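>>> The sequence and its predicted three-dimensional model are supplied below.
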2 protein chains.
Amino acid sequence: MGIDRRSPLPLYSQLEAILTQSIDEGELKPHDRIPTETELMQHHGLSRTTVRKAVSSLVREGYLYRQIGKGTFVSRPKQRHGLEKLTSFSEDMRSRGMVPSSQVLELETTKAAGSVARRLETDKDDLVWKIVRLRFANGEPMCIQTSYVPTALVSTIRAADVAGERSLYELLETEYHLRLRESEETLDADFAWPEEAQLLGVQEGSPLMVRDRTTYLADGRPMEHVKTLYRADRYQYTFHTYRD
Amino acid sequence: MGIDRRSPLPLYSQLEAILTQSIDEGELKPHDRIPTETELMQHHGLSRTTVRKAVSSLVREGYLYRQIGKGTFVSRPKQRHGLEKLTSFSEDMRSRGMVPSSQVLELETTKAAGSVARRLETDKDDLVWKIVRLRFANGEPMCIQTSYVPTALVSTIRAADVAGERSLYELLETEYHLRLRESEETLDADFAWPEEAQLLGVQEGSPLMVRDRTTYLADGRPMEHVKTLYRADRYQYTFHTYRD
DNA sequence: CAGTGGTCTAGACCACGAG
DNA sequence: TCGTGGTCTAGACCACTGA
């Protein structure tokens, strides 16, 4: 494994891959010092700027931490997976080692109600898709998800597009070539109402995590607003924060 | 407002300040294109590398977004405050425009129990501080917070250090010169047990947000493990995610 | 003191998007 | 075709850390 200058991958991202691989394979252990920036330059034949770009990126992602005057070190294992990534339910479950699937409960176009219209920045009478799905992880109910997508962005959605293991985001990215950039989310706690409890297979009044998300495209237009009710006994949200 | 080469602040951070100020003051509005990198170089007499470092940083923080071949644009207002910051309860409440205060319910040293010892990476018999506080925002109960801090790091904590408006983090950073780097957190939902409900002033069985956090120092040592029970009717956790 | 990461410069070539 | 951001180089000086 070395730097390949004919590869289309940028050199800094190749160096990132080399370093993360050394960490994941255990060559570099937590709190080990990694090679000096000068050593990395000479060893891989790169400029200092490129080396620093690779290392800085891994520092941002939580793989490494720097101490001025001393060196750069490997972080504690669980402190990786630095910044929160924008993922679909399917991607989220797969990264937790579970198999996602879906059952479509509703799929229709409707006029955007007040809060949905505000989040999607559409007019009150514009049509939006409403998709209600019961979502499973390893075949067990995990959450109820209600999504709204402007019909102005996506003309057609069929149940088969979003059922089973199919992901709405995959459809939007592959079929409609919409590039997602970021989302804004809130987490809250609530009870299960009777209908929700029955769908999720829990007792009425059980605790739920409520996740509200608005997703935006690369050009800034809102793409989706979604409310998800998770079984709190099966789902925890995990994240990282940094000082400065 | 311009670049001051005699200032101790790095040039890229001065440029960041200039750009964020133009945005906050409304000179640059959401979806406006900001000046080209070349224009910023010439206007401020900086190299392209420095300009790019400033702009990239604002892109990471969610102030700006880039579209290759087209330019760099201002994000939608709420999409700023990009990455999650490691904040104390006091800092969190102040940033939400509320006044924090605390009432100390317990303050003692104790042997670290199983899960606490594991999180703090101490031996089972090592002593840790246990601090239980009822925390208020604008005088209303907001959460119950139970903190554990190794006595190896902090020899003395008096009730006055952590009561009222005083923050544990401020104490650690100013008195003990401990530099915090990052934390690992989970969010969950649960019910209020009778004692908790009474302290928080809610009905028994009300929904709570449960936040578990372990905080680490710049050199990687665990500094604090804290469990916080928030009134779900008064607290929502808000965050951002990015694709790629 | 020598070595580390932190900052900065002046140049270069490229791929993408729009007219 | 031209201007945008994306990548990369070789060199420089600085502040902080530890011996």
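Cool, the structure landed.
>>> chain center to stretch A:8-22, what's the gap?
Stretch A:8-22 has its average C-alpha position 22 Å from the chain's average C-alpha position, going by C-alpha atoms, centre = their mean, to the nearest Å.
>>> In that stretch, which residues are buried?
The neighbour-count check on stretch A:8-22 (16 or more other C-beta atoms under 10 Å in any protein chain shown) flags A:11, A:12, A:14, A:15, A:16, A:18, A:19, A:20, A:22 as buried. C-beta coordinates here come from the backbone N, C-alpha and C atoms, glycine included.
>>> Would you mind giving the secondary structure of the fourth one?
I take that to be residue A:15. With DSSP: H, G, I helix; E, B strand; the rest coil as the basis, the three-state label of residue A:15 is helix.
>>> okay, now residue A:196: neighbour count?
Using other C-beta atoms under 10 Å in any protein chain shown, residue A:196 is surrounded by 18 other residues.
>>> That one is in contact with residue A:143, isn't it?
No. Here residue A:196 does not reach residue A:143: they are 9.9 Å apart, not a contact under C-beta atoms under 8 Å.
>>> shared neighbours of these two, anything?
With C-beta atoms under 8 Å, 6 or more residues apart in numbering or on different chains applied, the overlap between the contact sets of residue A:196 and residue A:143 consists of residue A:229.
>>> Dump the helix or strand hosting residue A:39 to PDB, restricted to CA.
In this assignment (DSSP states H and E), residue A:39 forms part of helix A:37-44. As requested, the backbone C-alpha atoms of helix A:37-44 are provided in PDB (Å, rounded to 0.1, in the frame of the first residue of the first chain):
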ATOM      1  CA  GLU A  37       4.800  15.400   9.200                       C
ATOM      2  CA  THR A  38       8.400  15.600   7.900                       C
ATOM      3  CA  GLU A  39       8.700  11.800   8.000                       C
ATOM      4  CA  LEU A  40       5.300  11.400   6.200                       C
ATOM      5  CA  MET A  41       6.500  13.900   3.500                       C
ATOM      6  CA  GLN A  42       9.800  12.000   2.900                       C
ATOM      7  CA  HIS A  43       8.300   8.500   3.200                       C
ATOM      8  CA  HIS A  44       5.500   9.100   0.700                       C
END
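>>> Provide a complete list of residue ranges assigned to helices in chain A.
Remark: helices of chain A, listed N- to C-terminal, are A:11-24, A:37-44, A:48-60, A:89-95, A:114-120, A:159-162, A:168-174, A:194-200; assignment by DSSP state H.
>>> tell me what the first one is packed against?
Where contact means 3 or more C-beta pairs under 8 Å, 6 or more residues apart in numbering or on different chains; DSSP states H and E, helix A:11-24 is packed against helix A:37-44, helix A:48-60.
>>> mind showing which ranges of chain A have poor pLDDT?
Per-residue confidence of chain A (counting by pLDDT under 70) places the weak regions at A:1, A:77-85, A:240, A:242-244.
>>> Could you rerun that using 80?
Judged against pLDDT under 80, the low-scoring parts of chain A cover residues A:1, A:61-62, A:76-86, A:164-166, A:173-174, A:177, A:179, A:181-182, A:218-220, A:239-244.
>>> so how far is residue B:122 from the residue in it that DNA strand D sits nearest to?
Scanning chain A for the residue nearest DNA strand D gives residue A:69, at 2.3 Å (criterion: C-beta to the nearest atom of the strand). Between residue A:69 and residue B:122 the distance, using C-beta to C-beta, to the nearest Å, works out to 28 Å.
>>> Give me the more crowded residue out of these two.
Of the pair residue A:69 and residue B:122, residue B:122 is the one with more neighbours under other C-beta under 10 Å, namely 20 against 5.
>>> for chain A, what spans make up the strands?
Applying DSSP state E to chain A gives strands spanning A:64-67, A:71-74, A:100-111, A:127-137, A:140-150, A:180-191, A:207-217, A:222-231, A:237-242.
>>> will you turn the ones you listed into TSV that also has distance to DNA strand C?
Formatted as TSV, the entries for the strands of chain A read as follows, by distance: least, C-beta to the nearest atom of the strand, whole Å:
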stretch	distance to DNA strand C
strand A:64-67	4
strand A:71-74	4
strand A:100-111	29
strand A:127-137	26
strand A:140-150	20
strand A:180-191	14
strand A:207-217	13
strand A:222-231	18
strand A:237-242	14
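>>> so which of the ones you listed gets nearest residue A:87?
Of all these, it is strand A:180-191 that lies closest to residue A:87, at 9.5 Å by C-beta to C-beta.
>>> quick one, which of the strands of chain A is nearest to residue B:182?
strand A:237-242 (4.8 Å).
>>> Thought residue A:152 was touching residue A:126, still the case?
Yes. Contact status for residue A:126 versus residue A:152: in contact at 6.8 Å, counting by C-beta under 8 Å.
>>> where's the residue of chain A most remote from its centre relative to residue A:51, distance?
Seen from the C-alpha centroid of chain A, the residue lying at the greatest distance (C-alpha atoms, centre = their mean) is residue A:42, 36.1 Å away. Shown here: residue A:42 relative to residue A:51, a distance of 10 Å by C-beta to C-beta.
>>> and residue A:93, how many neighbours?
Using other C-beta under 10 Å, residue A:93 is surrounded by 22 other residues.
>>> Distance-wise, check it relative to residue B:241.
Summarising the geometry, the distance separating residue A:93 from residue B:241, computed by C-beta to C-beta, is 16 Å.
>>> For residue B:55, which of the strands of chain A is the nearest?
Go through the strands of chain A one by one with C-beta to C-beta and the one that ends up closest to residue B:55 is strand A:180-191, at 16.1 Å.
>>> what's that closest one packed up against?
Taking 3+ C-beta pairs under 8 Å, 6+ apart as contact, the helices and strands that strand A:180-191 lies on are helix A:168-174, strand A:207-217, strand B:180-191, strand B:207-217, strand B:237-242.
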